[in-house]
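**Q** what follows is a predicted structure for the sequence shown.
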Amino acid sequence: MSDATTAAQVSTPGSRPLALAACFAGLALFAPVIGWLIHTWSTSVYDAHGVLVPFLVALMIWSRRRVLAETTPAPAGVGLWLVSLGSTLLLAALLMNFNLLGGVALVVTLAGMVWTLWGGAVAAKLAFPLTFLLLMLPLNYPLEIFAGFPLRLLSVKLTAGLLRLLGFEVTVQGTLIATSQFHVAIESPCSGLKTLSALLMTGLVMAFFLHQGWRARALMLVLIPPVAVVANAIRNLAITLIGHYHGREAAMGFLHTFSGLAVFLLAVALLILFSELILWRKKSNSD
């Protein structure tokens, strides 16, 4: 049976409610994955922001309600291929007890459902929110495995470079930074991954609501990692300076805990600045 024939069948009056019911019944298969996501959000401080993602996606879709209302739904059977892919990934996740893969399967299946029930035009307009759903997955642990240590080394180099610019004699050994009065090891929680994951979600929300067109949004996405890295290096610099002048207790006490929030707010402020520059440049080019 061809894709055109399948699409025609999906478009047949009366078949769409059945397809809708079948798709949502299929989502019941994802109950273990959804339960795992809720448990992870409620128990992991590194992935707690994931609980906000479904609500932000709902807000994104609601903000596009007028555009969606002007788009004629055209159910397409080709979307069933994406649903099938999601189902295959779910089966593999269950067999391997790999919940993260099950989360990816959930997002793929939801995208396939939208494509099947409302057509390619609607799916294209919802591509950004549907892709954004991937941020609800707990990605910090796999990212820590693959990128945590390189990020720590980069943070150490940047912090040491800033200290040298300020006239300090600095010794670096691996992830250890030492001045004449203080030394600090940049451990995994200080790699900047937590800031990066939270900033990624914040920056993409800004990109969606403040910018139009893929170029501006892609530029915002490209800016997020360096902003997170620089902000984290500034945090490590502040801790090192306070430790150098006021001792370990002052550096590693309340300031160390509070600085995590401070560095995130600094990173958000930098992103807002870059966002405004992008908007200003676009306005200047259009005048």
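**A** Now that the structure is in, tell me what you want to look at.
**Q** helix or strand for I272, which one?
**A** helix 254-286 (DSSP states H and E).
**Q** other residues contacting the helix or strand containing M60?
**A** Following DSSP H and E, the helix or strand that holds M60 is helix 53-63. Helix 53-63 is contacted from outside by 68, 126, 128-130, 132-133, 135-136, 201, 205, 208-209, using CB atoms under 8 Å, 6 or more residues apart in numbering. All C-beta spots, glycine's among them, are computed from the backbone N, C-alpha and C.
**Q** repeat for stretch 125-142
**A** By CB under 8 Å, 6+ apart, the list of residues contacting stretch 125-142 from outside reads 37, 40, 44, 46-47, 50-51, 53-54, 56-57, 60-61, 64, 67-68, 71, 100, 103-104, 107, 110-111, 114, 123, 193-194, 197, 200-201, 204, 208, 217.
**Q** relative to the whole chain's centre, how far out is it?
**A** Centroid separation for stretch 125-142 versus its chain: 6 Å, with CA atoms, centre = their mean, to the nearest Å.
**Q** sorry, back to before: narrow the contacts of stretch 125-142 to those that are buried.
**A** Burial by neighbour count, 16 or more other CB atoms under 10 Å: within the contacts of stretch 125-142 this picks out 37, 40, 46-47, 50, 53, 56-57, 60, 64, 68, 100, 103-104, 107, 110-111, 114, 123, 193-194, 197, 200-201, 204, 208, 217.
**Q** now, which of those residues lie within helices?
**A** Members of the buried ones among the contacts of stretch 125-142 lying in helices (criterion: DSSP state H): 37, 40, 53, 56-57, 60, 68, 100, 103-104, 107, 110-111, 114, 123, 193-194, 197, 200-201, 204, 208, 217.
**Q** pick out whichever of the contacts of helix 53-63 sits closest to T171.
**A** M201 (36.6 Å; CB to CB).
**Q** show the pLDDT at the closest residue to the closest one other than its chain neighbours.
**A** With sequence-adjacent residues excluded and distances taken as CB to CB, 6 or more residues apart in numbering, M201 is closest to L135, at 5.2 Å. For L135, the model assigns a pLDDT of 93.
**Q** burial count for L135?
**A** Neighbourhood size, L135 [other CB atoms under 10 Å]: 20.
**Q** now V230: how far from S87?
**A** Distance of V230 to S87, given as CB to CB, to the nearest Å: 42 Å.
**Q** part of a helix, is the residue nearest to M201?
**A** Yes: counting by DSSP: H, G, I helix; E, B strand; the rest coil, L135 is part of a helix.
**Q** tell me how far it lies from G50.
**A** 7 Å.
**Q** quick one, what contacts F208?
**A** M60, F128, P129, F132, R217.
**Q** in JSON lines: the residues you listed, plus distance to F274 and pLDDT.
**A** Listed next are the contacts of F208 as JSON lines, based on distance: CB to CB, whole Å; pLDDT from 0 to 100:
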{"residue": "M60", "distance to F274": "21", "pLDDT": "95"}
{"residue": "F128", "distance to F274": "19", "pLDDT": "93"}
{"residue": "P129", "distance to F274": "23", "pLDDT": "94"}
{"residue": "F132", "distance to F274": "20", "pLDDT": "95"}
{"residue": "R217", "distance to F274": "13", "pLDDT": "88"}
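**Q** from those, which is closest to K157?
**A** Once CB to CB is applied, the member of the contacts of F208 that ends up nearest K157 is R217, at 29.9 Å.
**Q** where's the nearest residue to that closest one once chain neighbours are set aside relative to M113, distance?
**A** Spatial nearest neighbour of R217, excluding adjacent residues (CB to CB, 6+ apart): A207 at 4.2 Å. Separation of A207 from M113 (CB to CB): 25 Å.
**Q** likewise for V184?
**A** 50 Å.
**Q** and E249, by the same measure?
**A** 55 Å.
**Q** so between those two, which is more surrounded?
**A** Taking neighbours as other CB under 10 Å, E249 and M113 compare with M113 leading, 24 against 8.
**Q** my read: that one touches A76, true?
**A** No: with contact defined as CB atoms under 8 Å, M113 does not count as touching A76 (11.5 Å).
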